[in-house]
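Student: All I have is the shape, not the residue letters:
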């Protein structure tokens, strides 16, 4: 019968997969959940480790692909990236004023549950251009998530290198 044939085919497939796994093992990569849906969480962590808090903030605030966020949020991100257009950035007062104004407006246009972005905008509206201070306004667990994403990224790169260099059929000690 069809059911018996399907069971037999599935059993054969599973037996072959189990044999391959027994012989070769498998690469235990970290998946998307560790890197965020835009796959940029590790980039924030790398900037953080370098002490580049402006870069970390820029990565968090950069526009995401069109259509994945509310239009209002998408435009808020674009406004943030363009905050210094037409501003004499050599003039510190003008630069800080432009950033404070933009951060305040962008903060109001962010979507619900955008904790990192909200905290950054709140802090930068009060203390413009203080990216280190703004970054530390983000909750500790979220900052740790960025660092854990870097660890996972390094693991994935090392695991890929191991497979490329030594293949999957022998143990490397």
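Tutor: Cool, got the structure. Only a predicted model underlies this, so the values are computations on that prediction, with no experimental measurement involved.
Student: max-length helix in the chain?
Tutor: Under DSSP state H, the helix in the chain containing the largest number of residues is helix 140-166.
Student: so what secondary structure elements neighbour it?
Tutor: Helix 140-166 is packed against helix 32-35, helix 41-50, with contacts defined by 3 or more C-beta pairs under 8 Å, 6 or more residues apart in numbering; DSSP states H and E. Placement of C-beta: from N, CA and C, glycine included.
Student: just so I know, which of the ones you listed lies nearest residue 91?
Tutor: Nearest to residue 91, of all the helices and strands packed on helix 140-166, is helix 41-50, at 26.1 Å by C-beta to C-beta.
Student: quick one: the helices in the chain?
Tutor: Using DSSP H, the helices found in the chain span residues 2-24, 32-35, 41-50, 53-61, 71-81, 92-109, 115-126, 131-135, 140-166.
Student: pLDDT averaged over the first one, what's the number?
Tutor: For helix 2-24, mean pLDDT rounds to 86.
Student: gap between it and the chain center?
Tutor: Taking C-alpha atoms, centre = their mean, to the nearest Å, one finds helix 2-24 lying 37 Å from the centre of the chain it belongs to.
Student: Tell me what angle that helix forms with helix 140-166.
Tutor: Put simply, helix 2-24 runs at 80 degrees to helix 140-166, going by axes from the mean of the first three to the mean of the last three C-alpha atoms, to 10 degrees.
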